[in-house]
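J.: Predicted coordinates and the sequence they were generated for:
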Number of protein chains: 2
Amino acid sequence: MKFCIVGWCGHTHYIVEGLKKLPDFEVSGVASGETERSGQYILDILDRCELKFPVRPKLFDSWTAMLDEVKPDVISADGPYHLHGMECLEAAKRGIHVFSEKPITLDLKELSSIEQACAETGAVIVSMVGIRYDAAFWTAHRLVREGVIGKIKVIHTQKSYKLGTRPEFYKKRELYGGTIPWVGSHAIDWILWFTGSEFESVTAFHDSNDNFGNGTMEIAGECLFRLKNGVIATSSIEFLRPAGAPTHGDDRIRCAGSKGVLEVMEGKVHLITADSDRYIEPEEPPQSLFEDFIGGLRGTNPLPATTADTIALTRACLLARESADKHTTEYFK
Amino acid sequence: MKFCIVGWCGHTHYIVEGLKKLPDFEVSGVASGETERSGQYILDILDRCELKFPVRPKLFDSWTAMLDEVKPDVISADGPYHLHGMECLEAAKRGIHVFSEKPITLDLKELSSIEQACAETGAVIVSMVGIRYDAAFWTAHRLVREGVIGKIKVIHTQKSYKLGTRPEFYKKRELYGGTIPWVGSHAIDWILWFTGSEFESVTAFHDSNDNFGNGTMEIAGECLFRLKNGVIATSSIEFLRPAGAPTHGDDRIRCAGSKGVLEVMEGKVHLITADSDRYIEPEEPPQSLFEDFIGGLRGTNPLPATTADTIALTRACLLARESADKHTTEYFK
């Protein structure tokens, strides 16, 4: 399998652990996803990661030229946020599988084009849903899917980040995309992942007031989802974690079901059922996200998420943003 | 001040601690709020509480006859849930102040009638928002109102109760009123209390499937509120707390603001700001809810909540239920 890297603006570091365990997996080329800088910065990152390649990855000026010349089987797409969509679309049209930063696009029409291209060429797109591979979330998901809390009735998820100093492009909606898609994609992904259901509707609000001079960036948002299987879910998404907090993020999920309540908070998995109230030792997943992605393409393990899952998550993020922009309830077809 | 008790189906025990500290406060009469049983059960409760009265409270067959004969200054209204409204309305029309179980009515039209009657006669109605007087919530509220977390941006509240075996009337909407008004009234009250704002809109869902044979009773509900001051809030309300949990209820509030995050969970108050991450020792409020209510009427302290607060909370509960029934967003005038 030939692999190329397009941009490294977000979470492409997820590939590093995988590449170390996939010695037969070659990085054939790298290119910046943007016009402002060369992809040299990506080679520099790879050097710092001390990855060993049989042949040094080739640096391209143009990522589309790289796709056409190298004809990779797989790329990672992690250009500036507003270019994920174009990167995914160009790859999908060529039948190239994509490990994309999430959300895979900031535009609903582009999402439909990507969906159609994948259907036509068989390209697989999986987004960087890295927190699924956090031991606490991984373990909680396994327990819920095994039925320890019975039938899920309600879910609350939370993403709370320290704001810090954000790059300049966060100040512009057209470059950043919005806080519900960017930060919230994880919180929304967990709902899909834990329930295994589709969304029916979303109502959301977000707020860019009091955002510490960050332009149009929303400092916070809240979403209310109804799922097709009847589960009701809320997500709280914000950059309000104070500087004095012990960690950067405060990621949480609480699932209440017919037989118990399971909660992830501060990296711990708390399970209460009719006859017990205990913490479950989090287990690391057997493989990393990128290994599972590649294994899924090779057929040696299930994909971390299907292309349909990836499309559904992206659509949910963008419809939630639309709901919050327009003060409407948005329905999923 | 003459005080009468109408029914003791819910939280009228809040009066007991107050009565012990108000020795000059006489209970002039008691009556059942219902036709099915006499008010003798209330006298029995008072006896068990070992309250000492200069004159034994008089038992009435009819609570309206009691209002007309005794002409009390104040009553407690805690008949069966579907009769709070009538009790409040009849008292308000007579200019009698009311310490009412919440929600004060199950019907929006009746709520408007109560509001109008209070405006005409000056009757004050405060509902039994007892959890405001829980030390952790009391302390958290004080801190937030003092500004320790800056401007509130988002709030999440939670009421999670053990289901246990509920009385028969929980199975019927017309008698029970619904889980969002009954259980959720607290979670909704905290939002109003912490923000000091009015609601702008609510979108909610609730679900009576998988309710362990409890008729139309909703096992769970989730609400999304937007407040007029811009705060966004969600409430999770359910009867899914497992039997193995250490306490009956799992009451929570998390407020994230421009300068910090404050959270009440498991009776603890957790505050994170730019320069600290610590637990605050909860302080008991100086007086109980009922003492504050009576002191408020006497002018010796502020009321625990104004009549306008009580009306606003009840309207919010009923509009949230309506939103959940109809799958609409409801707006507050």
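T.: Sure, I can see it. Residues are numbered from 1 along each chain as shown, chains lettered A, B, ... in the order given.

J.: Which parts of chain A are helices?
T.: Assigned by DSSP state H, chain A shows helices spanning A:14-21, A:40-48, A:63-70, A:84-93, A:108-121, A:135-146, A:173-176, A:179-182, A:184-195, A:289-298, A:307-326.

J.: Which one, of those, ends up nearest to B:Q158?
T.: With CB to CB, the closest approach to B:Q158 among those belongs to helix A:184-195: 16.3 Å. Placement of C-beta: from N, CA and C, glycine included.

J.: other SSEs contacting the closest one?
T.: Here helix A:184-195 touches helix A:135-146, strand A:152-162, strand A:220-227, strand A:232-241, strand A:252-257, helix A:307-326, going by 3 or more CB pairs under 8 Å, 6 or more residues apart in numbering or on different chains; DSSP states H and E.

J.: Is it possible to get JSON lines of those that adds mean pLDDT, distance to chain B and mean neighbour count?
T.: As requested, the helices and strands packed on helix A:184-195 are arranged in JSON lines below (pLDDT from 0 to 100; distance: least, CB to the nearest CB, whole Å; neighbours: other CB atoms under 10 Å in any protein chain shown):
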{"stretch": "helix A:135-146", "mean pLDDT": "98", "distance to chain B": "13", "mean neighbour count": "19"}
{"stretch": "strand A:152-162", "mean pLDDT": "98", "distance to chain B": "5", "mean neighbour count": "24"}
{"stretch": "strand A:220-227", "mean pLDDT": "98", "distance to chain B": "4", "mean neighbour count": "27"}
{"stretch": "strand A:232-241", "mean pLDDT": "98", "distance to chain B": "4", "mean neighbour count": "26"}
{"stretch": "strand A:252-257", "mean pLDDT": "98", "distance to chain B": "4", "mean neighbour count": "25"}
{"stretch": "helix A:307-326", "mean pLDDT": "98", "distance to chain B": "9", "mean neighbour count": "23"}
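
J.: right, so of the ones you listed, which gets closest to A:E26?
T.: That would be helix A:307-326 among these, by CB to CB, at 23.9 Å.

J.: List every C-alpha atom in the closest one, with coordinates, as CSV.
T.: Presented in CSV, the C-alpha positions along helix A:307-326 are these (Å, rounded to 0.1, in the frame of the first residue of the first chain):
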residue,chain,number,x,y,z
THR,A,307,-17.4,5.7,5.5
ALA,A,308,-21.1,5.9,6.3
ASP,A,309,-20.3,6.6,9.9
THR,A,310,-17.8,9.3,8.9
ILE,A,311,-20.4,10.9,6.6
ALA,A,312,-23.1,10.7,9.3
LEU,A,313,-20.8,12.3,11.9
THR,A,314,-19.8,15.1,9.6
ARG,A,315,-23.4,15.7,8.6
ALA,A,316,-24.4,15.8,12.3
CYS,A,317,-21.7,18.4,13.1
LEU,A,318,-22.7,20.6,10.2
LEU,A,319,-26.5,20.3,10.8
ALA,A,320,-25.9,21.1,14.5
ARG,A,321,-23.9,24.2,13.5
GLU,A,322,-26.7,25.1,11.1
SER,A,323,-29.3,24.7,13.8
ALA,A,324,-27.3,27.0,16.1
ASP,A,325,-26.7,29.6,13.3
LYS,A,326,-30.4,29.7,12.3
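
J.: didn't A:Y161 look like it was pressed against A:D251?
T.: No: using CB atoms under 8 Å, A:Y161 is not in contact with A:D251, being 9.2 Å away.

J.: so what's the residue in chain A sticking out farthest from the centre up against?
T.: Most distant residue from the mean C-alpha position of chain A: A:D275, 35.7 Å away (CA atoms, centre = their mean). By CB atoms under 8 Å, 6 or more residues apart in numbering or on different chains, the contact list for A:D275 reads B:A243, B:G244.

J.: and the gap between the closest residue in space to A:W63 that isn't next to it in sequence and A:V6?
T.: Using CB to CB, 6 or more residues apart in numbering or on different chains and skipping the chain neighbours, the partner closest in space to A:W63 is A:A31 (3.8 Å). Taking CB to CB, to the nearest Å as the measure, A:A31 falls 6 Å from A:V6.

J.: which parts of stretch A:56-72 are buried?
T.: Along stretch A:56-72, these residues count as buried under the neighbour rule (16 or more other CB atoms under 10 Å in any protein chain shown): A:P57, A:K58, A:F60, A:W63, A:M66, A:L67, A:V70, A:P72.

J.: Including pLDDT, could those go into TSV?
T.: As requested, the buried residues of stretch A:56-72 are arranged in TSV below (pLDDT from 0 to 100):
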residue	pLDDT
A:P57	94
A:K58	96
A:F60	97
A:W63	97
A:M66	98
A:L67	98
A:V70	97
A:P72	97
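
J.: What residues does A:N229 make contact with?
T.: So A:N229 contacts A:T195, A:G196, A:S197 (CB under 8 Å, 6+ apart).

J.: For PyMOL, write a command that selects the buried ones of these.
T.: Selection of the buried residues among the contacts of A:N229 in PyMOL, burial being defined by 16+ other CB under 10 Å:
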select buried, chain A and resi 195+197
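
J.: so what's A:E263 bridging to?
T.: Using DSSP bridges, the bridge partners assigned to A:E263 are A:R254, A:H270.

J.: check contacts around it.
T.: If you count contacts by CB under 8 Å, 6+ apart, then A:E263 has A:A140, A:R252, A:I253, A:R254, A:C255, A:V269, A:H270, A:L271 around it.

J.: Double-check the first one against A:V269; I have them as touching.
T.: Yes: A:A140 sits in contact with A:V269 when judged by CB under 8 Å, with a separation of 5.1 Å.

J.: phi, psi of the residue nearest the centre of chain A?
T.: Geometric centre of chain A, nearest residue: A:V129, 3.5 Å, by CA atoms, centre = their mean. When read as degrees, to the nearest 10, the backbone of A:V129 gives phi -80, psi 60.

J.: Could you find the closest non-adjacent residue to it?
T.: A:D189 (5.0 Å).

J.: No further questions, thank you.
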